[in-house]
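Colleague: Let me see the structure of the following:
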Amino acid sequence: MPRPSPRVTVLGLNYPPEHTGISPYTGAMARGLVRRGHPTRVVTTHPHYPNWRVTPGYGQWSRREHLDGVHVHRVKHYVPDRPVGMRRLLSEVSYGARLQTTRWHSPDAIVAVSPALISSTLAAVRAKTLNRSTPLVVWVQDLYSLGLSETGQGGGAVLRVMRTLEGWLLRKADRVVVIHDRFATRVHEDFGVPRERIEVVRNWTHLPTAPAIDVAAARRELGWGDETVVLHAGNMGVKQGLDNVVSAAELAASRGDKVRFVLLGGGSDRERLERLGRGIPTLQFLDALDDAGFAAALGSADVLLVNEKAGVSEMAVPSKLTSYFSTGRPVLAATDPTGITADEVRAADAGVVVAAGHPAKLLDAALALGADPDLCAQLGANGRRYRETVLDEEAAIDQFSAMIMRLCGHESVDESPHDPTEVPTSHEARSTV
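Modeller: Sure thing, here's the model as predicted:
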């Protein structure tokens, strides 16, 4: 008789129904592990990102849900309206404190999702104290201290403390899972984690296969005309450096260029950006959309934009790229030409890269793409092929599951329990206060 698949407890600050950032990947991974036979629990917070407000109907001290076969335990934590500095730190500490007193149900493997670094570190302290024989996996979506450095959000002392904590966490892990080969190099060289304890598992597109889109109808509904629409979809925070887009839109208006820059979503910087861009006719803000609306917006834009603050180079692979590549639309990346984002766009041959922080270059590149539909079609097709061959969800979850099996001493892995076409239907939930 084969041994049952290892039980997994996932500790992560963000989880569906949050639909941007890390949450879709944590949710898909948990569901995928269940399909592969792993009893899976998640200890997370109430949905609050990217608007930093708890979703109506949530917010209880404790809430238990059974979602798509995953046992989800939500705990209340501090959600600041402005997630900067000490407020952001306290938010993570409050979640980390709840992790110390919440049952983990004797898992065979623990997966801590980072960021958030502080809560993951607190979780690792508990794991290495009370669950010493249980393998600890740290799943790195962003490099925290590198992010502080590249975005200018941390001073010397703060940066040193965070770097020390991050290094301790990564070295204590039995496996460090990263989402890009360049992350693996940084984790090895910067933090001294042995190569054999680092595994690269690529992110994937979290959007379901969309039906054919009536582009003309979608554009009418979104208020778009026959101008070149350049869409930035996702979080609006410090890392994105979206002042660059506002300036490009302002320049386009002054020159009379037939272009529209659209910022779709929410985030800690949105209100400031709206004030900055007030009165610019070539700039539009859209609230977050459901999956169908989001897919329609991506598929109806002419150009899909990744914009990063000047200086951001190595800290993250933008999660929006995995969705962008699935649309058949070209990508325009305003970023460090030597950074991870630029490398990814070039590897896919799916778009054009311009230097970050240069509004005129951004505008000119957008207009050039809008004027060349053949090039746009070719770049879009390349991105879709890259998504289908390199960024496959089932392959990534298979790899993650196999890693857990090895860590837990299972010599062979049965890949048969899951059906890639299966659509989970269980959405039962209950709350306790």
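Colleague: need the contact list for residue 193.
Modeller: The contact partners of residue 193, by CB atoms under 8 Å, 6 or more residues apart in numbering, come to 170, 171, 173, 176, 187. In this view, the C-beta of every residue, glycine as well, is placed from N, C-alpha and C.
Colleague: Please name the residues that touch the second one.
Modeller: Listed by CB under 8 Å, 6+ apart, the contact partners of residue 171 are 191, 192, 193.
Colleague: Residue 198 versus that one, what's the distance?
Modeller: According to CB to CB, to the nearest Å, residue 171 and residue 198 sit 11 Å apart.
Colleague: pretty sure residue 192 is touching residue 167, no?
Modeller: Yes: Residue 192 is in contact with residue 167 according to CB atoms under 8 Å; the separation is 7.1 Å.
Colleague: out of those two, which sits in the more crowded spot?
Modeller: More crowded of residue 192 and residue 167, by other CB atoms under 10 Å: residue 167, with 16 against 10.
Colleague: so what's the backbone phi/psi at that one?
Modeller: Dihedral angles of residue 167 (phi, psi; degrees, to the nearest 10) stand at phi -60, psi -40.
Colleague: my guess is it meets residue 189, correct?
Modeller: No: assessed by CB under 8 Å, residue 167 is found out of contact with residue 189, at 11.7 Å.
Colleague: Run through the stretch 1-150 of the chain and note the low-pLDDT ranges.
Modeller: Low-confidence segments of the stretch 1-150 of the chain (pLDDT under 70): 1-3, 147-150.
Colleague: for it, what spans make up the strands?
Modeller: 8-11, 40-45, 62-67, 70-75, 109-114, 136-140 (DSSP state E, counting those that start in this stretch).
Colleague: Can you name the element that comes right after the helix or strand containing residue 375?
Modeller: Using DSSP states H and E, residue 375 sits in helix 373-389. Where DSSP H and E defines the elements, the next helix or strand beyond helix 373-389 is helix 393-407.
Colleague: List the buried residues of that following helix.
Modeller: 393, 394, 396, 397, 398, 400, 401, 402, 403, 404, 405, 407 (16 or more other CB atoms under 10 Å).
Colleague: The last one contacts residue 173, doesn't it?
Modeller: No: distance between residue 407 and residue 173: 10.5 Å, which falls outside the contact criterion (CB under 8 Å).
Colleague: shared neighbours of the two, anything?
Modeller: With contacts taken as CB under 8 Å, 6+ apart, the residues that reach both residue 407 and residue 173 are residue 137.
Colleague: And the helices in the stretch 151-300 of the chain?
Modeller: 156-172, 181-191, 215-222, 243-255, 270-276, 291-300 (DSSP state H, counting those that start in this stretch).
Colleague: just the stretch 301-433 of the chain next, same as before
Modeller: Under DSSP H, counting those that start in this stretch, the stretch 301-433 of the chain gives helices at 320-324, 340-348, 359-370, 373-389, 393-407.
Colleague: rewinding a little: how about the strands of the stretch 1-150 of the chain in TSV, adding distance to residue 227 and mean neighbour count?
Modeller: Output for those, formatted as TSV (distance: least, CB to CB, whole Å; neighbours: other CB atoms under 10 Å):
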stretch	distance to residue 227	mean neighbour count
strand 8-11	44	26
strand 40-45	40	24
strand 62-67	41	16
strand 70-75	43	20
strand 109-114	40	26
strand 136-140	40	25
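Colleague: so which of the ones you listed gets nearest residue 289?
Modeller: Among the strands of the stretch 1-150 of the chain, strand 62-67 comes nearest to residue 289, with 21.3 Å by CB to CB.
Colleague: Give me the sheet partners of that closest one and which way each runs.
Modeller: Here strand 62-67 is paired, per DSSP bridges, with strand 70-75 (antiparallel), strand 427-432 (antiparallel).
Colleague: Could you give the number of residues near residue 254?
Modeller: Applying other CB under 10 Å, I find that residue 254 has 10 neighbouring residues.
Colleague: should've said residue 328
Modeller: Neighbours of residue 328 (other CB under 10 Å): 18.
Colleague: do you know how far it is from residue 174?
Modeller: Distance from residue 328 to residue 174, by CB to CB: 40 Å.
Colleague: likewise residue 391?
Modeller: 26 Å.
Colleague: and if you look at residue 356?
Modeller: In terms of CB to CB, residue 356 sits 37 Å off from residue 174.
Colleague: So which of those two has more stuff around it?
Modeller: With neighbours defined as other CB under 10 Å, residue 356 and residue 174 compare such that residue 356 has more, 24 against 15.
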